[in-house]
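Peer 1: Please find the sequence and the predicted model below.
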Amino acid sequence: MADVIVFKGAVSFPITLDPTVWVFDDRKFNLSEYRGDEDSAEQREVHYLKGTGSQWDKELREGAEPPSERKATLAQERKVLEGDYGIRLEPFINNAEPAPDVTHVLLHREDLEPVQLTIADARRAILQFAKDGKPIRERGPVYFYLPEMLIAKEEPIDRICAIEFIRAN
């Protein structure tokens with residue numbers, strides 16, 4: 001089983017994703033609380049920028065607090081270690097900068113046939129990277145869901161080792 005996912009094909013920046021570090025990413029969310037895409041990508045970005053701006057203002061007023069001095073409650077620390085967490089695929093696609101004529105992605109799967117999706121569907125995807133607070137090892141490193149698959153509790157696309165950006169005819 002692969003521990004990382006490689007972006008390849010028609011992209012400006014071939015990148016490698018390591019899902020084991022996403023537990024520290026502020027963009028993660030608890031899948032048990034997911035109810036669908038209420039916000040558009042633009043609304044999520046505005047919300048993120050507002051939060052970042054308010055944190056910046058707070059640090060200017062009160063001074064930055066080094067990470068080692070942050071006081072997290074035991075309940076908050078345990079919460080991170082107990083849930084099923086996911087992250088959206090879209091920011092990673094944006095960072096890789098697919099060529100303008102890319103229309104599809106191929107999800108390469110270990111020992112299985114690849115799955116082809118439109119790039120629009122790939123941008124909507126959610127990657128589950130933790131189950132019961134632990135990295136996904138069996139059939140992992142991530143489970144790939146489209147929002148409707150997650151809401152309907154359908155089986156995910158698993159065993160993904162690479163995402164290839166292609167120009168399909």
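Peer 2: That came through fine. Residues are numbered from 1 along each chain as shown.
Peer 1: In three-state terms, label the most centrally placed residue in the chain for me.
Peer 2: Centroid check for the chain by Cα atoms, centre = their mean gives Ile87 as the closest residue, at 2.9 Å. Classification of Ile87 using DSSP: H, G, I helix; E, B strand; the rest coil returns strand.
Peer 1: Run through the residues that contact it.
Peer 2: Neighbouring residues of Ile87 by Cβ atoms under 8 Å, 6 or more residues apart in numbering: 22, 25, 27-29, 126-127, 129. (Glycine included, C-beta is placed from N, CA and C.)
Peer 1: Sitting in strands, which of those do you find?
Peer 2: In strands, judged by DSSP state E, the following of the contacts of Ile87 are found: 29, 126-127, 129.
Peer 1: among the helices and strands of the chain, which has the poorest mean pLDDT?
Peer 2: One helix or strand of the chain scores below all others by mean pLDDT, DSSP states H and E: helix 74-80, with a mean of 64.
Peer 1: longest single helix anywhere in the chain?
Peer 2: Under DSSP state H, the helix in the chain containing the largest number of residues is helix 41-62.
Peer 1: Could you export the contacts of Ile87 as CSV, including distance to Glu164, pLDDT and neighbour count?
Peer 2: Output for the contacts of Ile87, formatted as CSV (distance: Cβ to Cβ, whole Å; pLDDT from 0 to 100; neighbours: other Cβ atoms under 10 Å):
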residue, distance to Glu164, pLDDT, neighbour count
Trp22, 21, 93, 18
Asp25, 24, 88, 12
Arg27, 24, 91, 12
Lys28, 25, 92, 18
Phe29, 27, 92, 14
Ile126, 20, 97, 23
Leu127, 16, 97, 24
Phe129, 20, 96, 24
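Peer 1: Save those residues as JSON lines, and put in distance to His47 too.
Peer 2: Shown next, in JSON lines, are the contacts of Ile87 (distance: Cβ to Cβ, whole Å):
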{"residue": "Trp22", "distance to His47": "19"}
{"residue": "Asp25", "distance to His47": "16"}
{"residue": "Arg27", "distance to His47": "11"}
{"residue": "Lys28", "distance to His47": "15"}
{"residue": "Phe29", "distance to His47": "12"}
{"residue": "Ile126", "distance to His47": "17"}
{"residue": "Leu127", "distance to His47": "20"}
{"residue": "Phe129", "distance to His47": "22"}
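Peer 1: now for those residues, which pair is the farthest apart?
Peer 2: Largest separation among the contacts of Ile87 by Cβ to Cβ: Asp25 and Ile126, giving 13.4 Å.
Peer 1: element containing the residue nearest to Ala2 when sequence neighbours are not counted, please.
Peer 2: Closest residue to Ala2 apart from its sequence neighbours, by Cβ to Cβ, 6 or more residues apart in numbering: Cys161 at 3.9 Å. Here Cys161 sits within strand 160-166, counting by DSSP states H and E.
Peer 1: Nice, that's everything, thank you.
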